[in-house]
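**Student:** next input, structure requested:
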Amino acid sequence: MRPVKDGVDSGYSTAASSTTSSTASLPQVTLTKMHLEHLNKQMSRMSALDRLRFATVMFPNLYQSTAFGLTGLVTMDMLAKIQAESPEAPSIGTIFLDTLYHFKETYDLIDRVKARFPHLTIHIYRPDGAENTAEFEEKYGEGLYDMAEELYDWIAKVEPQQRAYTELKVAAVLTGRRRSQGGARDSLSYIEVDNETGIIKINPLMDWSFSQVKSYITEHDIPYNVLLDQGYKSIGDWHSTSPVSETEDERAGRWKGRAKTECGIHNKMSRYAQFLSGQQEQQQQSSEQEQLSSALEKVERSQQISVM
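**Tutor:** Presented below is the predicted three-dimensional model:
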């Protein structure tokens, strides 16, 4: 499976790899509970286009995070319209997490999207130390997504996302999540705060149905993933995505037959992430203990010298 083409000259921006990424240095936009409730109430009265207009003015360092699903494509088109009507409006870049296991049809779609929106900058983030599937499997092993699913999610999605947020200094992201997608998403708000990163998450089409999204795509002739016509409604990695029936939830084809509904990007910290956090905390405690022991030894030596 071919990788997505990169290069600044083509409108893509490829991220440098780093294993030391952290969201600790990210700029924070602080919203109180009352402020969040007020903003969500205001957004409930707006159209999706006006929500996006508002978000581009309200939030600094705003990006769109997308895997080029239908909702993300609608958002791109609306952002392009905002840019066209107000050239002075900030240009919103797109973050794409290339797990290296996307369908060929998804990579083909990105090329068509770039042709449709030539001024769009796509920031591509891949697993650390891998530019293609062969390199990924040489470094992490074949079938990692089956043998150690949460470890795979961390390597292929969560760590690249954290690296993207850090390197791009992201303060807020536009997502394609909608309540009608089912699962844990049925209680979404228009604006949320990720408690683990402090990132503001904005869901401008949160109240749209699948049919509304699809109708917009058709009406505005926006390129979309051809797998949609084969029964796929929500498309991720090829190894964990299946077609769905008309009566199933939109995301029922993701990790079909398992209780899992999210990959680690939008859900609470995975067990593997918790393990890494625990390891870091243990190392910090060990370092602090060593510093304390060293300080006590110096005090004892000083006292012994003064007695002599």
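
**Student:** where's residue 76, which helix or strand?
**Tutor:** Here residue 76 is covered by helix 70-85, with elements defined by DSSP states H and E.

**Student:** buried ones in that helix, by neighbour count?
**Tutor:** 70-80, 82-83 (16 or more other CB atoms under 10 Å). In short, each C-beta sits where N, CA and C put it, glycine included.

**Student:** and the contacts of that helix?
**Tutor:** 48-49, 52-53, 56, 64, 66, 89, 91-92, 94, 113, 117, 119-120, 174, 176-178, 204-205, 208, 210, 213-214, 216-217, 220, 222-224, 228 (CB atoms under 8 Å, 6 or more residues apart in numbering).

**Student:** moving C-terminal of the helix or strand harbouring residue 106, what's the next helix or strand?
**Tutor:** Secondary structure assignment for residue 106, by DSSP H and E: helix 104-116. Where DSSP H and E defines the elements, the next helix or strand beyond helix 104-116 is strand 122-125.

**Student:** ok, that following strand: who's next to it in the sheet?
**Tutor:** Partners of strand 122-125 in the sheet, by DSSP bridges, are strand 12-14 (parallel), strand 93-97 (parallel).

**Student:** for the helix or strand following the shortest one, buried residues please.
**Tutor:** Just to be clear, that refers to strand 12-14. Counting by DSSP H and E, the next helix or strand C-terminal to strand 12-14 is helix 33-43. Residues 36, 39, 43 are the ones in helix 33-43 that count as buried (16+ other CB under 10 Å).

**Student:** check which helices and strands the helix or strand just after helix 33-43 sits against.
**Tutor:** Where DSSP H and E defines the elements, the next helix or strand beyond helix 33-43 is helix 48-58. On a contact count with 3 or more CB pairs under 8 Å, 6 or more residues apart in numbering; DSSP states H and E, helix 48-58 meets helix 33-43, helix 70-85, strand 172-174.

**Student:** buried subset of the contacts of helix 70-85, written for PyMOL?
**Tutor:** Remark: buried members of these, expressed as a PyMOL selection using 16+ other CB under 10 Å:
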select buried, resi 48+49+52+53+56+64+66+92+94+113+117+120+174+176+177+178+204+205+208+210+213+214+216+217+222+223+224+228
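
**Student:** related to what we said a few turns ago, comparing the strands paired with strand 122-125 by mean pLDDT, which bottoms out?
**Tutor:** When the strands paired with strand 122-125 are compared on mean pLDDT, strand 12-14 scores lowest, with a mean of 50.

**Student:** any idea how far residue 102 is from residue 85?
**Tutor:** Separation of residue 102 from residue 85 (CB to CB, to the nearest Å): 33 Å.

**Student:** buried stuff in stretch 102-111?
**Tutor:** Buried-residue list, stretch 102-111, by 16+ other CB under 10 Å: 102, 103, 105, 106, 107, 109, 110.

**Student:** who's in contact with the first one?
**Tutor:** With contacts taken as CB under 8 Å, 6+ apart, residue 102 has the following neighbours: 1, 67, 236, 237, 238.

**Student:** which pLDDT value goes with the first one?
**Tutor:** Think residue 1. For residue 1, the pLDDT comes out at 45.
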